[in-house]
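# Give me the fold of what follows.
(chains A and B)
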Amino acid sequence: QAFPLPSLPRKQPTVLVVCGPAQNGAIGLVCARHLRSFDYEPTIFYPKRSPDPLYRDFTTQCEKMDIPFLSYLPTEVQLINDAYNAVVDAVLGAEAEVAEGTEPCAAILATLKHIRIPIVSLDVPSGWDTEAGGSGGISPDVLVSLAAPKECARRFGGRQHFVAGRFLPYDVQRKFELNPPEYPGTECVVAL
Amino acid sequence: RAMHVPSAGSGPTGLRFLGQEEAQAIDQELFTEYQFSVDQLMELAGLSCATAIAKAYPPSSFTTSQPAVLVVCGPGNNGGDGLVCARHLKMFGYQPTVYYPKRPSKPLFESLTTQCKKMDIPFLPEFPAEAAFIDELYGLVVDAIFGFSFKGAVREPFGSILSTLERVTVPIASIDIPSGWDVEKGKTDGLQPDMLISLTAPKKAAMHFTGRYHFLGGRFVPPALQEKYALNLPAYPSTDCVLQLT
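Next comes the predicted model:
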């Protein structure tokens, strides 16, 4: 929705999906597969693969959808800017505390801080504190909050903030006083 | 791997209609070669069904005071698709009620049932005795009884259920195959649904479908698999998970 195919600046609808070692990265893998179904051309960078069997299956599904996996992320930022229309940041989610300081996440985030093409962060901009938000970290163009926005989303200054939480049962919504917005039609995301 | 030769059934755009064995082979390949889980594909299938229903029968179109839908779930995966569909229909603003007489004691189906119950979707203890009761209470019936693996005789209670459904006048939306139909030849004196949601690709039975709405759902078939079986699927619009064929 944020980057419809006809709006992309490059000739090929390329998207780089950077996946971290835990659940946020796994969600990135699923996202890449659906992007492929939507006729984008995703490429995945997934340096530290989870041993979780479910996440390994997600990897196989992507490989079998002919989605290439990069063996390394160029540190030369211009190469990324030139090759892709956007980057999906699926590196670290709300659970991350320790991981951001460790490799390869630290190096990835250092590179992503300098890219000029739009970044779409899944749930939490990677490297941001889930509650306090980030300074000096990455600045995504688009944020997709999963289930409900996290505290740090208050500091999000990008173009579009989506919530993907239509699947939450009503009693969960009530219990946590989420007060979600109305989702249009049969859409699974809503722009805030 | 040898290229699969397309068989006789073919629509005007070259869209292929699958035989029962082919449909089973594709399904198997999705699980073994492509490593999809049943949960994943069932969720996407059920979501497609709910989405197609929302497009053809929006809540505002119901003449009943609430957009009440009866979802009849069979003993296998088609029933599972129905449970997922019911849950998404609830989220789309419908008031679904489920009838699920034969429940497999497998974690997948038990979980899907719990998810529905936790969304306050009622499960009927008995099937409505007469077609007229269904017509009065519900604006739509979802037939999630039998799918593409169906073969042979219909076991109770589904024989009686199908007899009642055949006399219902509100629209019926069948998931993948109109229940009771031969998966390839159809059934002229059987259920005549108003809507068919073909999953993955239409089966040959769909060539005998005469209802108003035929949708394609299950937008998860990898390009390589589409090519291998020469499915010739038309393009889905934008990011929609369903495509209206007729």
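
# per-residue confidence for B:Ser10?
Per-residue confidence (pLDDT) for B:Ser10: 56.

# Over to A:Thr130?
The model's pLDDT for A:Thr130 equals 76.

# what's near enough to touch it?
Residues near A:Thr130 by CB atoms under 8 Å, 6 or more residues apart in numbering or on different chains: A:94, A:96, A:124, A:150-152. (Glycine included, C-beta is placed from N, CA and C.)

# now B:Cys116
B:83, B:86-87, B:90, B:98, B:123.

# Of the residues you listed, which belong to strands?
Residues of these located in strands (DSSP state E): B:Val98.

# which of the contacts of A:Thr130 are buried?
A:94, A:96, A:124, A:150, A:152 (16 or more other CB atoms under 10 Å in any protein chain shown).

# Need the worst-confidence member of these.
When the buried ones among the contacts of A:Thr130 are compared by pLDDT, A:Ala96 scores lowest at 68.

# residue boundaries of the strands in the chain?
With no chain named, the answer covers chain A. Counting by DSSP E, the strands of chain A are A:14-19, A:41-45, A:69-70, A:86-90, A:119-122, A:142-146, A:160-164, A:190-191.

# Wait, chain B was what I had in mind.
Using DSSP E, strands in chain B cover B:68-73, B:95-99, B:140-144, B:172-175, B:195-199, B:213-217, B:242-244.

# Most tightly packed of those?
Mean neighbour counts were taken over the strands of chain B using mean count of other CB atoms under 10 Å in any protein chain shown, and the top value, a mean of 30, falls to strand B:172-175.

# Looks like B:Gln66 contacts B:Gly93 (just checking).
No: judged on CB atoms under 8 Å, B:Gln66 makes no contact with B:Gly93 at a distance of 9.7 Å.

# List the buried residues of the longest helix that chain A contains.
Using DSSP state H, we find that the single longest helix of chain A is helix A:23-37. For helix A:23-37, a neighbour-count test (16+ other CB under 10 Å) marks A:23-29, A:31-37 as buried.

# near chain B at all, that helix?
Yes: Helix A:23-37 reaches chain B (CB under 8 Å from any CB of the partner chain) through A:36-37.

# Ok, stretch A:150-161 next?
No: on the criterion CB under 8 Å from any CB, stretch A:150-161 is out of touch with chain B, staying 15.3 Å away.

# quick one on the thing from earlier: let me know which of the strands of chain B is the nearest to chain A.
Chain A lies closest to strand B:242-244 among those, at 9.0 Å (CB to the nearest CB).

# so what does that closest one touch, helix or strand wise?
helix B:38-56, strand B:213-217 (3 or more CB pairs under 8 Å, 6 or more residues apart in numbering or on different chains; DSSP states H and E).

# which stretches of chain A have low pLDDT?
A:96-101, A:133-136 (pLDDT under 70).

# Show me which residues of it are close to chain B?
Residues of chain A lying close to chain B (CB under 8 Å from any CB) are A:1, A:4, A:36-38, A:54, A:57, A:60-61, A:64-66, A:166-167, A:169-171, A:183, A:185-186.

# Just the buried ones from those?
So, by 16+ other CB under 10 Å, the buried ones in these are A:36-38, A:57, A:61, A:64-65, A:166, A:169, A:183, A:186.

# can you give me the helices in chain A?
Using DSSP H, helices in chain A cover A:23-37, A:53-64, A:77-83, A:105-112, A:170-175.

# Among these, which comes closest to A:Val144?
helix A:23-37 (8.8 Å; CB to CB).

# Quick one: work out the angle between that closest one and strand A:160-164.
If you take axes from the mean of the first three to the mean of the last three CA atoms, to 10 degrees, helix A:23-37 sits at 100 degrees to strand A:160-164.

# Show me what helix A:23-37 is packed against.
Using 3+ CB pairs under 8 Å, 6+ apart, helix A:23-37 sits against strand A:14-19, strand A:41-45, helix A:53-64, strand A:86-90, strand A:119-122.

# Give me the contacts around the longest one.
Where contact means CB under 8 Å, 6+ apart, the residues beyond helix A:53-64 that reach it are A:25-26, A:29-30, A:32-33, A:36, A:44, A:46, A:49-50, A:69, B:33-37, B:222, B:224.

# Of all residues in chain B, which one is closest to chain A?
Counting by CB to the nearest CB, chain B gets nearest chain A through B:Gln35, at 4.2 Å.

# how deep is that residue tucked in, by neighbour count?
18 (other CB atoms under 10 Å in any protein chain shown).

# For it, give me phi and psi.
Dihedral angles of B:Gln35 (phi, psi; degrees, to the nearest 10) stand at phi 60, psi 30.

# distance of it from B:Val168?
Using CB to CB, to the nearest Å, B:Gln35 is found at 40 Å from B:Val168.

# Centre-most residue in chain B?
With distances taken as CA atoms, centre = their mean, the residue of chain B nearest its centroid is B:Ile175 (1.2 Å).

# what does chain B have sitting close to chain A?
Residues of chain B lying near chain A (CB under 8 Å from any CB): B:33-37, B:50-51, B:54-55, B:91-92, B:115, B:118-120, B:219-220, B:222-224, B:236, B:238-239.

# Throw together a PyMOL command that grabs the buried residues out of those residues.
A single PyMOL command selects the buried members of these (16+ other CB under 10 Å):
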select buried, chain B and resi 34+35+36+37+50+51+54+55+91+92+115+119+219+220+222+236+239
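
# so of the residues of chain B next to chain A, which ones are in helices?
Mapping the residues of chain B next to chain A onto helices (DSSP H) picks out B:50-51, B:54-55, B:91, B:115, B:118, B:223-224.

# Tell me which two in those are the farthest apart.
Taking CB to CB as the measure, these span a maximum distance of 37.8 Å, between B:Lys118 and B:Ala224.

# What's the mean pLDDT across stretch B:145-152?
Averaging pLDDT residue by residue across stretch B:145-152 gives 95.

# Any figure for the gap between the nearest residue to B:Pro75 once chain neighbours are set aside and B:Pro178?
Once flanking residues are discounted, B:Pro75 sits nearest to B:Lys102: 3.9 Å by CB to CB, 6 or more residues apart in numbering or on different chains. Separation of B:Lys102 from B:Pro178 (CB to CB): 19 Å.

# For the two, indicate the residue with more neighbours.
Using other CB under 10 Å, the more surrounded residue of B:Lys102 and B:Pro178 is B:Pro178, with 27 against 14.

# do you know how far that one is from B:Pro234?
22 Å.

# Could I get the helices and strands packed on strand B:242-244 in a markdown table, plus columns for mean pLDDT?
Shown next, in a markdown table, are these (pLDDT from 0 to 100):
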| stretch | mean pLDDT |
| --- | --- |
| helix B:38-56 | 98 |
| strand B:213-217 | 98 |
